[in-house]
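A.B. asks: sequence plus predicted model, see below.
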Amino acid sequence: MLTGDSHSRSRIGDPPRRGVGAALNEVRHDDVTVGLHLLVTSESTAEAAREFGPLLAKLEPKHCVLHHSPEHGHHEFDVLVGTTNTASARTLRDVEVWSDRVLHALGLASDYNILFDPDQGWAVEDCSKSPEEAALIHPSCVHYQLRATIGSDPWDTDNA
Amino acid sequence: MTAHHEEPESHGRFSPEDSPPFVVTVLVLTLSETDFGAVMRDCHALLDAFAPTDFEVTADPDGGHRVRLVRHDGYEPRSEDGRQACLRIASERLGALGVAAHDHPASTGADGVARLCEPLRERADLLPSSTVDHELAVHDPGWPGTPEDIDIEEILDDFDDPAEEFEEVVATPVSATRRNRNDCRLLLRVETTGCDGHEAHEQANRLAGLLSRFWWGEIVTVRLDKPAVLDNGRVRVDVELWRIQHTPEAAAFELMELLHGGTWTRPVHLDDDGETRVTATWYGADPTATGTTRIELWCQATTAR
């Protein structure tokens, strides 16, 4: 059992929180879902929303959570982007198209690996996550992570 | 400040990482605004006043957005129980938002949740202009059956098995179609570490055989080069396949979908004078594992010429 407001972890390199709450039931069997995790140093939640709102609006997110980590003082965005209620099976090509769309909107190069897990299917995982690259997104961004999947929560990697 | 801090910092607010018990305050708004950027902008005043731990925006498939602002506040269990804490926190939150608590007296229902419908209707300056309705609720997470609980297992049970199964390939009569623009040429460069030329050739032969069987009826040419020992000790074997009625892109992606258990780099798409060229590299086995053969496969798919 998890709660929608699960406890934060919030250190660079940690995976984002498993399952982004209520958005889980939006992920369908055939949907491509791109999970984007941003760690930002904005001083307040209002400031983070103001700074990153216009950028994230380009992605037309299905779901976005901005989490404040009081013990570390930073903020985190967990964003879900992708298709909704797809009728036909999505392919690896669709995963690539959606990942490219997100990375290009953030001003980043499409540099990622494509992985296959027998239990979880295809996933895209970016491999350029240096602070310098994160700063390309926004000067307040110190870390980012992207993971794309078909038919599952991108951050639910417990069985991987 | 950077995010590298290891030592916890106190910001004078309670967080769930601290010792329980605590209550969860949730302010839920339904907005007719369809633009995500406008939602983020319009919630600025509310975020300043409410200072939530979590700010959540969900797009409604029928239009508009649902917004949740969540806070956690601890209480002292020796002086009050969870229900009393919910009522107290509801009043305090209203006060912080500039609303007189006596105008909106909170009460807890049978589920132990303190709920207030539209408590900020006199504070239009705080609410986004597209607000359709809103509600403030304070939960004690220890109380059973609160809306904050999401049973992940139950949700996952609703999913069908995502594992894809390949159907058996049905053979169809074909004729050689060189110079047909609908056909493509796959050049597979197999490089192995940890095995000799004979073993490398066997690996490449096995790959060519597998693809020929899997794409039987669509493969018109299979050519296997002799193994070459490289300066770095690796052994290289080139495999050439001609496949009919597939674009280079489709052929490359189908190859990627066939080879599991390793890692593919993202495919690179090039267009040379109208000729599509797709390249990708696959790494098999753990390169750090001792005694394990490592295979690297480079694939280039082009239009047949």
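C.D. replies: Now that the structure is in, tell me what you want to look at. These figures come from a predicted structure and were not determined experimentally.
A.B. asks: just to check, A:G82 is in contact with A:H63?
C.D. replies: No - at 9.9 Å, A:G82 does not count as touching A:H63 under the criterion of Cβ atoms under 8 Å. Placement of C-beta: from N, CA and C, glycine included.
A.B. asks: worst-scoring helix or strand of chain A, pLDDT-wise?
C.D. replies: Using mean pLDDT, DSSP states H and E, strand A:2-3 stands out as the lowest-scoring helix or strand of chain A, at a mean of 26.
A.B. asks: give me the mean pLDDT for the very next helix or strand once past that strand.
C.D. replies: Moving toward the C-terminus from strand A:2-3, the next helix or strand (DSSP states H and E) is strand A:32-40. On average, the pLDDT along strand A:32-40 is 92.
A.B. asks: partners of strand A:32-40, with directions?
C.D. replies: strand A:74-82 (antiparallel), strand A:141-150 (antiparallel) (DSSP bridges).
A.B. asks: stretch B:219-234 spans what distance, first to last residue?
C.D. replies: 28 Å (Cα to Cα, to the nearest Å).
A.B. asks: which parts of it are buried?
C.D. replies: B:219-220, B:224, B:227, B:234 (16 or more other Cβ atoms under 10 Å in any protein chain shown).
A.B. asks: between these, which is nearest B:R206?
C.D. replies: For the buried residues of stretch B:219-234, the residue nearest B:R206 by Cβ to Cβ is B:L224; the value is 10.7 Å.
A.B. asks: for the most far-flung residue of chain B relative to its centre, what are phi and psi?
C.D. replies: Most distant residue from the mean C-alpha position of chain B: B:H102, 45.4 Å away (Cα atoms, centre = their mean). Taking degrees, to the nearest 10, you get phi -70, psi -20 for the backbone angles of B:H102.
A.B. asks: chain A versus the residue nearest to B:P227 when sequence neighbours are not counted, what's the distance?
C.D. replies: By the measure of Cβ to Cβ, 6 or more residues apart in numbering or on different chains, the closest residue to B:P227 outside its immediate chain neighbours is B:G197, 3.9 Å from it. Per Cβ to the nearest Cβ, to the nearest Å, B:G197 is found 29 Å from chain A.
A.B. asks: same deal with B:P227?
C.D. replies: From B:P227 to chain A the distance is 27 Å (Cβ to the nearest Cβ).
A.B. asks: that residue against B:R236, yeah?
C.D. replies: Yes - counting by Cβ under 8 Å, B:P227 does reach B:R236; the two are 6.9 Å apart.
A.B. asks: returning to what we had before: can you tell me which residues contact the residue nearest to B:P227?
C.D. replies: B:227, B:229, B:235 (Cβ atoms under 8 Å, 6 or more residues apart in numbering or on different chains).
A.B. asks: restricted to strands, list those.
C.D. replies: Among these, the residues falling in strands (DSSP state E) are B:229, B:235.
A.B. asks: tell me the phi and psi of A:A89?
C.D. replies: phi -60, psi 130.
A.B. asks: residues near it, how many?
C.D. replies: 12 (other Cβ atoms under 10 Å in any protein chain shown).
A.B. asks: again with B:V57
C.D. replies: B:V57 has 24 neighbouring residues, counting by other Cβ under 10 Å.
A.B. asks: so what strands line up beside the strand or helix carrying it?
C.D. replies: Per DSSP H and E, B:V57 falls inside strand B:54-59. Here strand B:54-59 is paired, per DSSP bridges, with strand A:63-69 (antiparallel), strand B:65-74 (antiparallel).
A.B. asks: can you check which of those gets nearest to B:L259?
C.D. replies: If we rank the strands paired with strand B:54-59 by Cβ to Cβ, the stretch that ends up nearest is strand A:63-69, at 32.7 Å.
A.B. asks: using PDB, list the CA coordinates for that closest one.
C.D. replies: Taking C-alpha atoms only, strand A:63-69 is exported to PDB below (Å, rounded to 0.1, in the frame of the first residue of the first chain):
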ATOM      1  CA  HIS A  63      -0.100  15.000 -14.700                       C
ATOM      2  CA  CYS A  64       2.500  17.100 -12.900                       C
ATOM      3  CA  VAL A  65       3.500  17.000  -9.200                       C
ATOM      4  CA  LEU A  66       5.700  19.700  -7.700                       C
ATOM      5  CA  HIS A  67       7.100  18.400  -4.400                       C
ATOM      6  CA  HIS A  68       8.900  20.400  -1.800                       C
ATOM      7  CA  SER A  69      11.500  18.600   0.200                       C
END
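A.B. asks: residues of that strand that come out buried?
C.D. replies: A:63-69.
A.B. asks: shaky segments in the stretch 101-250 of chain B?
C.D. replies: For the stretch 101-250 of chain B, the stretches with pLDDT under 70 are B:142-182.
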